[in-house]
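Asker: just to be clear, the model below is a prediction. Sequence and coordinates:
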Amino acid sequence: MADAPEAVLYLVGDAGDPESGSPILSFLHDEATARSRTSQVAIAFLGDNIYDNGLHEPGHPEREHDLETLELQLDAVRGTGARGIFVSGNHDWGYGGEQGLEQIRRQAAYIDAAAGEDLNVAFLPPEGGCPGPVAEALGETALLVAIDTEWLLRYEKEPPAGSTCEPTTAGEAFGALREILSEPEATARHVVVFAHHTLKTNGPHGGYFSVKDQVFPLTNIWGPLYIPIPFLYPIGRNSGVSSQDMSNPKNRRMVDSLVAAVSSAPRRPVAFASGHEHTLQVFRGTGFGADWLLVSGAGSRLRSVEKADALFVAGRQHGERGYMRVEFFRDGAVLLTVVTDGTGECRGGTGSGKTCQPEPINRYWSWLRAAGS
């Protein structure tokens, strides 16, 4: 196996609530800079790039905060030599109807306008407000395929009025994903399909709740709000009331359609990567069409997560944010590493008031594919 990988992909989701000087974004910047000297490098931001309602219009009282949040992520790419790819999440869309479309189109336009000599970034699918999918090569060994799952949830039945998107409908988007995964470029490279929403999760979006969530759910709104409301919160979430949860019929249909499309590929994608759940999780992809399922949504917020059938998990109870690194070698090997900020020894994480010296720590690694594959 070659000493250096031919290509490196970083996966960081839900980074839209970072504090100034976020260690995760700083680690990404420094590592991408170093890796770009020997490898083709991309950083994929997996949606929820701005909490809570995307990029507002000029003059809006939240506009300055929105831009500061986005610029911190752009700074993680700026000057590194890496390619930065942003996809949308439900919070980037924020509002319903035309207002939500304007939010996502505004973010896409801002990111694309920011691109320059020292900042190689793009919003995918291009221009925002369309489902994709879009494929982009990373070096000679990897192919990245981005799709907007929030669009698929919102416009399951029919596209928004006046839409000029191609593909036009959700059904056509799933068909286009099948076509991309059947093309010679996809069968000759290691494919990573990525989007915001998960195909599987052992966190709240998948119906798994901590004792704290079950008894004191209002702490999710404001930390000190310890008012006991036993079990109503998980019952409500598991009833499928929100399209953001996997218990929701619309979400379930989207997941089933994505799995069917990915499963049709002549050569299985190496991974389906997502954010959405504020955790780090690694699953075998058996039954989901890809070799592996990667959930990397711990860019800025954390939620509790159950180990269950996952090979690795990290969430609020571990107190560490993080990201994933996927390395593609010329001999066919693919290596996954889960990197966290190293603050787990501080009770309560970085916000505990104790002195912590954040440092990137490799918490988990696995060969996703062996040499010769």
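Answerer: Sure, I can see it.
Asker: what is the burial count for A114?
Answerer: Applying other Cβ atoms under 10 Å, we find 17 residues neighbouring A114. Quick note: C-beta positions are derived from backbone N, CA and C, even for glycine.
Asker: with adjacent residues omitted, what lies nearest to it?
Answerer: The shortest distance from A114 to any non-neighbouring residue, by Cβ to Cβ, 6 or more residues apart in numbering, is to L74 (5.7 Å).
Asker: okay, the one you found and S243: tell me how far apart.
Answerer: 29 Å (Cβ to Cβ, to the nearest Å).
Asker: follow-up on the earlier one: secondary structure element holding the residue nearest to A114?
Answerer: helix 63-77 (DSSP states H and E).
Asker: show me which positions of that helix end up buried.
Answerer: 66-67, 69-70, 72-77 (16 or more other Cβ atoms under 10 Å).
Asker: if we can go back for a sec, now do the same contact list for the residue nearest to A114.
Answerer: Residues in contact with L74, defined by Cβ atoms under 8 Å, 6 or more residues apart in numbering, are 84, 111, 114, 119, 121.
Asker: so what secondary structure elements neighbour the strand or helix carrying the first one?
Answerer: Meaning G84. Per DSSP H and E: G84 is located in strand 83-86. Applying 3 or more Cβ pairs under 8 Å, 6 or more residues apart in numbering; DSSP states H and E, we find strand 83-86 packed against strand 40-45, helix 63-77, helix 97-114, strand 120-123.
Asker: and for it, what are the contacting residues?
Answerer: 40-45, 49, 73-74, 76-77, 107-108, 111, 119-124, 136, 138, 144, 146.
Asker: now the helices for the chain?
Answerer: 23-35, 63-77, 90-93, 97-114, 149-154, 170-182, 184-188, 211-215, 232-238, 249-263 (DSSP state H).
Asker: worst average pLDDT in those helices?
Answerer: With a mean of 54, helix 211-215 has the lowest mean pLDDT of the helices of the chain.
Asker: if we can go back for a sec, distance to L199 added to the helices of the chain, as CSV?
Answerer: Putting the helices of the chain into CSV (distance: least, Cβ to Cβ, whole Å) gives the following:
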stretch, distance to L199
helix 23-35, 24
helix 63-77, 24
helix 90-93, 16
helix 97-114, 22
helix 149-154, 10
helix 170-182, 13
helix 184-188, 18
helix 211-215, 22
helix 232-238, 18
helix 249-263, 6
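Asker: out of those, which comes closest to A15?
Answerer: helix 63-77 (5.6 Å; Cβ to Cβ).
Asker: what's the angle from the closest one to helix 23-35?
Answerer: Interaxial angle, helix 63-77 versus helix 23-35 (axes from the mean of the first three to the mean of the last three Cα atoms, to 10 degrees): 30 degrees.
Asker: please save the CA atoms from helix 63-77 in CSV.
Answerer: C-alpha atoms of helix 63-77 as CSV (Å, rounded to 0.1, in the frame of the first residue of the first chain):
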residue,chain,number,x,y,z
ARG,A,63,-28.2,37.9,9.1
GLU,A,64,-24.9,38.9,10.8
HIS,A,65,-24.9,35.8,13.0
ASP,A,66,-25.8,33.6,10.0
LEU,A,67,-22.8,34.9,8.0
GLU,A,68,-20.4,34.5,11.0
THR,A,69,-21.5,30.9,11.3
LEU,A,70,-21.0,30.2,7.6
GLU,A,71,-17.7,32.0,7.4
LEU,A,72,-16.3,29.9,10.2
GLN,A,73,-16.9,26.8,8.0
LEU,A,74,-15.6,28.5,4.9
ASP,A,75,-12.4,29.4,6.9
ALA,A,76,-12.0,25.7,7.6
VAL,A,77,-11.4,25.3,3.8
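Asker: check contacts around V121.
Answerer: 74, 77, 83-86, 111-112, 114-115.
Asker: just the buried members of those residues?
Answerer: Applying 16+ other Cβ under 10 Å to the contacts of V121 flags 74, 77, 83-86, 111, 114 as buried.
Asker: can you put those residues in a markdown table and add distance to A298?
Answerer: Formatted as a markdown table, the buried ones among the contacts of V121 follow (distance: Cβ to Cβ, whole Å):
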| residue | distance to A298 |
| --- | --- |
| L74 | 20 |
| V77 | 19 |
| R83 | 22 |
| G84 | 18 |
| I85 | 18 |
| F86 | 17 |
| I111 | 22 |
| A114 | 25 |
